[in-house]
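1. Using only what follows, build the 3D model:
(one chain, ligands or ions: 1)
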Amino acid sequence: MERLIFHIDVNSAFLSWEATDRVSNGGADLRLVPACISGNPKSRTSVVLAKSIPAKKYGIKTGEPIGAALKKCPDLIIARPNFLLYQKYSAAFIEICRRYTPIVEKYSIDECFLDMTGTSLLYPDFIKVAYEIKDTIKSELGFTVNIGIGPNKLLAKTAGDFEKPDKVHTLFWEELAEKFWPLPIGEMFGVGRSTAEKLSRNGIESIGKLSKISLKTLKTILGDKMGEQLYRSARGIDDTPVLEKPPAAKGYSISTTVEKNITDKETALSLLLSLVDAVSARMRAEDNRAWCIAVSIRTSEFKNSSHQRKLFSPTDVTSEIYDISKALLSELWNGKTPLRLMGVALTDLTKDTSEQISLFGEASGGKKRDIDKAVDKIRKKYGSESISRAGAFKENDRIGRKYKAEMETEE
Ligand SMILES: [Mg+2]
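-> Got it, this is the predicted structure:
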C-alpha cells in the first residue's frame, strides 16, 4: 500500500513560542516586530538562535553574533532562550498531532512526522485533515506550523519546507518534476555543505540533474554509501519508517562560558562538579549510562582542547563521572592559564544496567547510585536549587548553561 506521511514543523519555533507566551500574558507580539532569541547581548559568545520575519528583512541571520545583528537593526528586541517553555509547547503540539494518528515521531523539538497511512476511511480528504491539524494548533496554542504531505518522510519533509508560514503543501510522485527536481542540490535533505560543494564542482547543481547521473558515477564522486543514498533520494525514494519513539540520544553535553576567566583550581573544580552534576542528572532521567566521558576547555586565547576516556563499565554515577572528569581536566590544564569555557560530554550510551563486579568483589556504583537517586528525587520535587553538592559552584547566575542538543539553530 502507498504510504501517506505528514511532516509538521513549527514556524520560527523559539521566537514564535516566546511570542505566544508573551501574548497570552497580555504582552506585545514579537512576531510582528524585529525580534530575536539570543543569549546575553553583553556576552562575547551569544548568537541569534531564531528571528522574526521583520528581523529577517534587516538581513539578520540565524547563527550570527548578536553584536552584528544589533548593528543591522539597533532597535532589535532580544529575548533570552527559555527551554522549559519550548518543551511545554513542543509537548502540547505533538499531543494535538496524536489525536489524528497513534504513529507520531518527534523528530526535533519543533518537528514531527505522522504516519497517516490507512486513515482514509476516517479522513477521506487528507488535505482537509492537514488544514484541520494546522488550524487546531493555531487556535488552541497560538502559533503556526507548516505541514508537508508526501508518500514518505523525505518528500513530506521537503514539502514542509516550501513557502512559510502557516501553509500546507504536498509532494507526490507526479509532482517531482514540477516541485522537487528544480530545487538546488543544497536543499535536498541529507545533503550537507561539503557534499553540495562536491556535487556542484561536478556540474550537478539541482536535484533534477542529480537524478540523471548514473549510480556508478555518483559512487565515484561521493563514495559507495552516500552515492547510493543520493541516487535514491534524487528519485524521491525513502523507505524509513515513522518511528513512534525517536532513536536514543547519542549523548549529553553541557558547557558554560564564564564571564570572568577562571585562574584557580578551586573555582575550576567547583564549576566542573556543577557541570557533571547537571549533565549526569539529565542522563539518569532518561535511564542511560555512558561508556565515555569527555572534558573540554577553551583558554582566554581561544585555544580549545579536550580529552576523553573510555570506561571499563558504563556509569551514571555523579561521583564516578566527577572523579574521571577531574583527572581529564588535570591532563588538559596546568591550573594557571585563564579559562573561559568548560564543558563535559557523556557519550556511547547504553540502557544496560547489569552491574559489573570489580576485581575486589564489590559491585560498582551501588551505594552512590542510591545517593544520586535521592538527590534527583528531591530536585524533581523542590526544584534544582533545593539541594547542591558540597563544593559545587554556588553562583548559578554566573553559569550560562547550554544544552547542545537543544541549542540547534533553526530557520
Ligand atoms: Mg521549525
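
2. just the strands in the stretch 101-250 of the chain please.
-> For the stretch 101-250 of the chain, strands defined by DSSP state E, counting those that start in this stretch occupy the ranges 104-108, 111-115, 145-150, 168-170.

3. could I get the ones you listed as CSV with mean neighbour count, mean pLDDT and distance to the ion?
-> (C-beta placed from N, C-alpha, C; glycine too.) Shown next, in CSV, are these (neighbours: other Cβ atoms under 10 Å; pLDDT from 0 to 100; distance: least, Cβ to the ion, whole Å):
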stretch, mean neighbour count, mean pLDDT, distance to the ion
strand 104-108, 18, 87, 8
strand 111-115, 24, 95, 6
strand 145-150, 25, 98, 8
strand 168-170, 20, 98, 14
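
4. Give me the number of neighbouring residues for residue 189.
-> 12 (other Cβ atoms under 10 Å).

5. what about it, distance to the ion?
-> Distance of residue 189 to the ion, given as Cβ to the ion, to the nearest Å: 14 Å.

6. Go ahead and confirm that residue touches residue 152.
-> No. Taking contacts as Cβ atoms under 8 Å, residue 189 lies outside contact range of residue 152: 10.8 Å.

7. just so I have it, where are all the helices in the stretch 1-150 of the chain?
-> Using DSSP state H, counting those that start in this stretch, the helices of the stretch 1-150 of the chain run over 13-24, 53-57, 66-72, 83-98, 126-141.

8. picking up where we left off before, quick one, which of the strands of the stretch 101-250 of the chain is nearest to residue 34?
-> Taking Cβ to Cβ, strand 145-150 is the member of the strands of the stretch 101-250 of the chain nearest to residue 34, at 22.1 Å.

9. ok so, going back, and of the strands of the stretch 101-250 of the chain, who's closest to residue 181?
-> Using Cβ to Cβ, the nearest of those to residue 181 is strand 145-150, at 14.4 Å.

10. who touches the closest one?
-> Strand 145-150 has contacts (Cβ atoms under 8 Å, 6 or more residues apart in numbering) with 4-11, 93, 126-127, 130, 133-134, 137-138, 155-162, 164-172.

11. For ChimeraX, what selects the buried ones among the residues you listed?
-> In ChimeraX, a selection of the buried entries from those looks like this (16 or more other Cβ atoms under 10 Å):
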select :4,5,6,7,8,9,10,11,93,126,130,133,134,137,155,156,157,158,159,160,161,164,167,168,169,170,171,172
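
12. circling back to that earlier point, now render the helices of the stretch 1-150 of the chain as TSV, adding distance to residue 107 and mean pLDDT.
-> As requested, the helices of the stretch 1-150 of the chain are exported to TSV (distance: least, Cβ to Cβ, whole Å; pLDDT from 0 to 100):
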stretch	distance to residue 107	mean pLDDT
helix 13-24	12	94
helix 53-57	23	94
helix 66-72	28	92
helix 83-98	10	90
helix 126-141	16	97
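
13. most neighbours per residue, which of those?
-> The highest mean neighbour count among those, using mean count of other Cβ atoms under 10 Å, belongs to helix 13-24: a mean of 21.

14. So which elements touch that one?
-> Using 3 or more Cβ pairs under 8 Å, 6 or more residues apart in numbering; DSSP states H and E, the elements in contact with helix 13-24 are strand 35-38, strand 48-51, helix 83-98.

15. Distance to the ion for the ones you listed - can I get that in a markdown table?
-> Shown next, in a markdown table, are those (distance: least, Cβ to the ion, whole Å):
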| stretch | distance to the ion |
| --- | --- |
| strand 35-38 | 13 |
| strand 48-51 | 9 |
| helix 83-98 | 11 |
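
16. out of these, which comes closest to residue 207?
-> Nearest of those (Cβ to Cβ): strand 48-51, 27.3 Å.

17. what are the pairing partners of the closest one, and which direction each?
-> Sheet pairing here is set by DSSP bridges, and for strand 48-51 it gives strand 35-38 (antiparallel).

18. Let's see the partner strand as CSV, backbone CA atoms only.
-> This file holds the C-alpha atoms of strand 35-38, laid out as CSV (Å, rounded to 0.1, in the frame of the first residue of the first chain):
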residue,chain,number,x,y,z
ALA,A,35,13.0,40.5,17.4
CYS,A,36,15.2,37.5,18.0
ILE,A,37,16.1,34.9,20.6
SER,A,38,19.7,35.1,21.8
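
19. what comes up buried for that strand?
-> Per 16+ other Cβ under 10 Å, strand 35-38 contains these buried residues: 35, 36, 37, 38.

20. Can you tell me which of those is nearest residue 119?
-> Nearest to residue 119 out of the buried residues of strand 35-38 is residue 37 (Cβ to Cβ; 35.6 Å).

21. Quickly list what the closest one is bridged to.
-> Beta-bridge partners, per DSSP bridges, of residue 37: residue 50, residue 79.

22. give me every residue that touches it.
-> 14, 15, 18, 48, 49, 50, 51, 78, 79, 80, 81.

23. is it true that the last one touches residue 15?
-> This points to residue 81. No. With contact defined as Cβ under 8 Å, residue 81 does not reach residue 15; the gap is 10.4 Å.

24. How much space separates the closest residue to residue 232 other than its chain neighbours from residue 157?
-> With sequence-adjacent residues excluded and distances taken as Cβ to Cβ, 6 or more residues apart in numbering, residue 232 is closest to residue 238, at 7.1 Å. Using Cβ to Cβ, to the nearest Å, residue 238 is found at 9 Å from residue 157.

25. Mutual contacts of these two, please.
-> In contact with both residue 238 and residue 157: no residue, using Cβ under 8 Å, 6+ apart.

26. and stretch 229-244, which residues are buried?
-> 229, 230, 231, 233, 234, 236, 238, 242.

27. sorry, back to before: what would the helices and strands packed on helix 13-24 look like in CSV with distance to residue 111?
-> Below are those laid out as CSV (distance: least, Cβ to Cβ, whole Å):
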stretch, distance to residue 111
strand 35-38, 17
strand 48-51, 14
helix 83-98, 9
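
28. Name the spans of the stretch 101-250 of the chain whose pLDDT lies under the cut-off.
-> 245-249 (pLDDT under 70).

29. Quick one: name the residues of it near the ion.
-> For the stretch 101-250 of the chain, the residues in contact with the ion (Cβ under 5 Å from the ion) are residue 110.

30. Just give me the neighbour total for the closest residue to the ion within the stretch 101-250 of the chain.
-> In the stretch 101-250 of the chain, the residue that lies nearest the ion is residue 110 (4.3 Å; Cβ to the ion). Applying other Cβ under 10 Å, we find 25 residues neighbouring residue 110.
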